[in-house]
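Undergrad: Here is my input; please provide its structure:
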Amino acid sequence: MKFPSLLLCLLAVCLPPPAAGASAVDYAQREDVRDFIGDLSRRHGFASEELAHLFHQARPLPAVLKAIQPPKDPGIRSWQAYHDRFVEPRRIAAGVKFWALHRDPLLRVETLYGVPAEIVVAIIGVETIYGRHMGRFETFSALTNLAFDYPPRAGLFRRELEALLLLAREEGRSPLSYHGSYAGALGMPQFLPSSQRQWAVDFDGNGRVDLASSVDAIGSVGRFLAEHGWQRGGPILAAAAVSGERVEELLEEGIAPRRLPREMADYGVATEDAPEAPAALIDYVTPGAQTEYRLGYQNFYVITRYNRSSFYASAVADLAAALRQRMRQESGLAALGSAHDGAASNGSEQGVAPQAVPR
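TA: Have a look, this model is predicted:
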C-alpha cells in the first residue's frame, strides 16, 4: 500500500516552511535514513519516493534531543518528592471529576477486563492529568530526531517510527498529523505508536480509535493491563517492615513477584494481613527519612509494564486509593455501582492507602 499521492501533494503545499536554521538538515539525504526507507519498502511495501518525501519534511527538534538526555547531575531519588508530585489535591480533584463523568465506560472496563476504575483513572491522571498535557510535538519529526540523532536508544525509536508509519497507513492519516510527547507518546494514556497498534481499542464504538477520546483511552488502558496479566480482584501492594541485612537479597531479586510473604519472614520481613500470594520486596528511599518498604504483587508488576518504575506503579496505586476514598466520601459506596461492591475493587483496597506513606 502507498500513501495517496494527492495527500502528499497537499502536505507539500500546506505544511509550514522549516524553522529558521533547519534548512541544513534534510533527513531524506542521509544514508542511514535511506537505508531505513529501503528496509521499510521491502518489508511493508511502502513507496520509497513517498517515504523520502516525508523525511524531507521532518524537522530538527533540538528540544526533543535535550529532553531525552539523562540529567548531568541526577541527584538522589526521593520517593516522598515523587509521591507528592502525583498524589496531590489538584490531580485528585480532577480525577474525581473524570470518574464521575465517565462512570459507564469505567464500569464496563471493570466488567470486561477486571481492572478497577480507580486504577484506570489514576494512570490517565499521572500520565496527562486527564488530557491537559498530552504533548505538542509533531510525532513524526520527534521520532525521526530520536531514531537517527540519539544513538543510545536509536533502535527503540526506529521501531516506534516504523510503528507510526504503519499506524498512519492503517488509520488513513498522514504520519505528519500526529502530535504528542517529545518521546512520541500519544493521547491521554500516552501510548507509544507500537502500543497503540497493539493494545488500543475503539471503546466508544464510533469506528475508529482516538486516544484523545476519554472513552477510548479508558478502554485502552484497561485492555493493556489485562493483556499484561492483571489479576481480577488481586492485591497490588501491602505494607512491610524489615530488619537485618538479608533484606538486600530480596531487593536484588527485582520487582517481579517470586516469594510468598511467609518465605520473606526468613529474610527479616514482617507483614500484617498481607495476602499470601507471590510478591516482591520494594524499597522507597527518601533522603533524610526512613526508607519505606512494601510488598508488590502481580498487579503491581503489571503496572510497571506500563512504565517500568516502582515509584511510578506505587504512585498510581496511591493515587487510585486516594481517588477511591474521595469518591466514597462524595458519592457514597452504593453510588459507585454494583461492580465496586465485588472483587473488582479489591485490587487497590488491598494495597497501601496514601495515609500510610510517610509525609
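Undergrad: If we ignore the residues flanking it in sequence, what's nearest Glu253?
TA: Ala280 (6.6 Å; C-beta to C-beta, 6 or more residues apart in numbering). Heads up, the C-betas are built off the backbone N, CA and C, glycines and all.
Undergrad: do you know how far the one you found is from Ala289?
TA: 22 Å (C-beta to C-beta, to the nearest Å).
Undergrad: so where do the helices sit in the stretch 51-200 of the chain?
TA: Taking DSSP state H, counting those that start in this stretch as the criterion, the stretch 51-200 of the chain carries its helices at 62-68, 79-86, 89-101, 103-113, 117-128, 139-149, 154-171, 193-199.
Undergrad: okay, those, which one's buried deepest?
TA: helix 117-128 (a mean of 27; mean count of other C-beta atoms under 10 Å).
Undergrad: Output that helix in PDB, but only the C-alpha positions, please.
TA: Once non-C-alpha atoms are left out, helix 117-128 reads as follows in PDB (Å, rounded to 0.1, in the frame of the first residue of the first chain):
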ATOM      1  CA  ALA A 117     -11.900   2.000  37.700                       C
ATOM      2  CA  GLU A 118      -9.600   3.800  40.200                       C
ATOM      3  CA  ILE A 119      -6.500   2.300  38.600                       C
ATOM      4  CA  VAL A 120      -7.500   3.400  35.100                       C
ATOM      5  CA  VAL A 121      -8.400   6.800  36.300                       C
ATOM      6  CA  ALA A 122      -5.100   7.100  38.200                       C
ATOM      7  CA  ILE A 123      -3.000   6.100  35.200                       C
ATOM      8  CA  ILE A 124      -4.600   8.700  33.000                       C
ATOM      9  CA  GLY A 125      -4.200  11.200  35.800                       C
ATOM     10  CA  VAL A 126      -0.500  10.500  36.200                       C
ATOM     11  CA  GLU A 127       0.200  10.500  32.500                       C
ATOM     12  CA  THR A 128      -1.600  13.600  31.300                       C
END
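Undergrad: Can you spell out which helices and strands pack onto it?
TA: Packed against helix 117-128 by the contact rule (3 or more C-beta pairs under 8 Å, 6 or more residues apart in numbering; DSSP states H and E) you find helix 89-101, helix 103-113, helix 214-227, helix 298-306, helix 310-331, helix 346-349.
Undergrad: could you dump the ones you listed to CSV with distance to Gly233?
TA: Below are those laid out as CSV (distance: least, C-beta to C-beta, whole Å):
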stretch, distance to Gly233
helix 89-101, 20
helix 103-113, 10
helix 214-227, 13
helix 298-306, 9
helix 310-331, 14
helix 346-349, 5
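Undergrad: which one of those helices has the lowest average pLDDT?
TA: The weakest mean pLDDT among those belongs to helix 346-349, with a mean of 41.
Undergrad: quick one on the thing from earlier: of all the helices of the stretch 51-200 of the chain, which lies closest to Pro235?
TA: Of all the helices of the stretch 51-200 of the chain, helix 117-128 sits nearest to Pro235, with 12.3 Å by C-beta to C-beta.
Undergrad: now that closest one against helix 79-86, angle please.
TA: With axes from the mean of the first three to the mean of the last three C-alpha atoms, to 10 degrees defining the directions, helix 117-128 sits at 90 degrees from helix 79-86.
Undergrad: Can you give the distance of helix 117-128 from its chain's centre?
TA: 10 Å (C-alpha atoms, centre = their mean, to the nearest Å).
Undergrad: before we move on, the earlier item: assumed the residue nearest to Glu253 was part of a strand.
TA: Yes: assigned with DSSP: H, G, I helix; E, B strand; the rest coil, Ala280 falls within a strand.
Undergrad: Count the neighbours of it for me.
TA: For Ala280, the neighbour count with other C-beta atoms under 10 Å is 22.
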